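below are the sequence and a predicted model for it; my questions follow.
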Amino acid sequence: MSLASELSRQGREGKPAGTIFVIGEYETVRDYCKQLIINPFGGLDDHERSILDAGLSETIKEFSKIDGAYIIENSGKIRSGGTYLSVPPHHIRLQPGLGARHAAALGITLAAPVASVVLSESTGQIRIYWDGLEQDIFTPSEKNRFSPL
């Protein structure tokens, strides 16, 4: 959430950013993932792929300009970035104005026991999905890291 909030407030190089973070065990989502680009985290040792490592935040922000999701294991290890989520068709109800990024973030939580955090490029809002439902919405502010709507 902290990283999504930073991206929401600051964007990347002065431009709005949007991305998806999928959190859960990779084995449960592997069949729904396809790399859009060479995995920027492939080949790195486990200790070099921790989402909790502040030194990786700039790398993650930079790769957020590329479409696709970050797949993050429950342990905090980043398995991939720039990952296309190909989920089976479900009856997905999205609020008007939400697009493909939000549909993918919601859909993956219907297909696998994972949570997703999606940052809207157009509004800067951060939405959390779990079990096919929107759990919360945050609007980052300058004073707080994020505040619920």
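All right, it came through fine. Residues are numbered from 1 along each chain as shown.

before we move on, what SS does the nearest residue to Pro40 once chain neighbours are set aside have?
Nearest non-adjacent residue to Pro40, counting by CB to CB, 6 or more residues apart in numbering: Gly81, 4.9 Å away. Glycine gets a C-beta too; all of them are placed from N, C-alpha and C. Per DSSP: H, G, I helix; E, B strand; the rest coil, the local secondary structure of Gly81 is strand.

I'd assumed Gly68 was in contact with Gly81.
Yes - contact criterion CB atoms under 8 Å: Gly81 and Gly68 qualify, at 6.8 Å.

which of these two has more residues huddled nearby?
Neighbours per residue (other CB atoms under 10 Å) separate Gly81 from Gly68, with Gly81 holding more: 27 against 22.

tell me the contacts of the more buried one?
39-41, 60, 63, 66, 68-71 (CB atoms under 8 Å, 6 or more residues apart in numbering).

ends of stretch 93-107, how far apart?
10 Å (CA to CA, to the nearest Å).

starting at the chain centroid, how far to it?
Computed by CA atoms, centre = their mean, to the nearest Å, the chain-centroid distance of stretch 93-107 equals 13 Å.

could you give the mean pLDDT of that stretch?
Stretch 93-107 shows a mean pLDDT of 91.

per-residue pLDDT of Tyr70, please?
96.

look up which residues are beta-bridged to it.
Beta bridges link Tyr70 to Phe21, judged by DSSP bridges.

just checking, which of the contacts of Gly81 belong to helices?
Judged by DSSP state H, those include 60, 63 as members of helices.

list only buried entries from the contacts of Gly81.
39-41, 60, 63, 68-71 (16 or more other CB atoms under 10 Å).

make JSON lines out of those and add distance to Phe21.
Below are the buried ones among the contacts of Gly81 laid out as JSON lines (distance: CB to CB, whole Å):
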{"residue": "Asn39", "distance to Phe21": "15"}
{"residue": "Pro40", "distance to Phe21": "14"}
{"residue": "Phe41", "distance to Phe21": "13"}
{"residue": "Ile60", "distance to Phe21": "9"}
{"residue": "Phe63", "distance to Phe21": "12"}
{"residue": "Gly68", "distance to Phe21": "11"}
{"residue": "Ala69", "distance to Phe21": "7"}
{"residue": "Tyr70", "distance to Phe21": "5"}
{"residue": "Ile71", "distance to Phe21": "8"}
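
sounds good, over and out.
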